[in-house]
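> sharing a model that was predicted from the sequence below.
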Amino acid sequence: MDLAEYSDEELLEAGREALKIERWARAKTFLTEYFDRHLARGDSLSASALASFALSLGHTSEARRGLELCKRAQSSDSRNPYISWCLANLHLLNRSRKEAIETVERGLRAMPDNFALIRLRKKLGLRQSPPLPFLDRNHGLNVRLGRLMHRLKGTTKAVA
């Protein structure tokens, strides 16, 4: 495929469509071309376009760079729920569930009715309160009691 035939808008749209259907390598191809064109011209990228590019990088073995770029995108547009969604997914790729949950919660504070963030929060689940709330969550007693209670209860799924 000859990417020179695509306009900038078509590259961005094709990259985002590939992200939606989880074709990560294809998304990276389109979004890298989009990113390189803007870089060559000295143009700035929109924060959401940078987040899309970062997500494609994260899914194609460049997770650290993707996370770095997405954090930069969020710092320039912190109220954009799409960027929060991308950043939360990148945190999950980097095995940081806690940071993913915090990112989703920050995104929902900015845009409480965003469907993608609500769906991601349901997927992640909510943390239970610690067994001994007067102690820190990471205190040894809370950790041991929490594990014991979890083992006794088993994993229960919420009924919607």
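Here it is on my side, so go on. On a predicted model such as this, the values are computed, not experimentally measured, just so you know.
> use CA for all of it now, contacts and neighbours both
Will do.
> quick one: low-confidence residue ranges for this structure.
Counting by pLDDT under 70, the chain shows low-confidence ranges at 154-160.
> ok, residues contacting the host helix or strand of residue 102?
Counting by DSSP states H and E, the element that carries residue 102 is helix 97-110. Residues outside helix 97-110 that contact it (C-alpha atoms under 8 Å, 6 or more residues apart in numbering): 79-81, 84-85, 87-92, 114, 117-118, 120-121, 124.
> can I have the buried ones of those residues as a ChimeraX selection?
Selection of buried members from the contacts of helix 97-110 for ChimeraX, criterion 16 or more other C-alpha atoms under 10 Å:
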select :79,80,81,84,85,87,88,89,90,91,92,117,118,120,121
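> separation between residue 3 and residue 108?
36 Å (C-alpha to C-alpha, to the nearest Å).
> whoops, residue 51 was the one
For residue 51, the distance to residue 108 - C-alpha to C-alpha - is 17 Å.
> could you name the helices and strands sitting against the helix or strand that contains residue 10?
Assessed by DSSP H and E, residue 10 sits inside helix 8-20. With contacts defined as 3 or more C-alpha pairs under 8 Å, 6 or more residues apart in numbering; DSSP states H and E, the packing partners of helix 8-20 are helix 24-41, helix 47-58.
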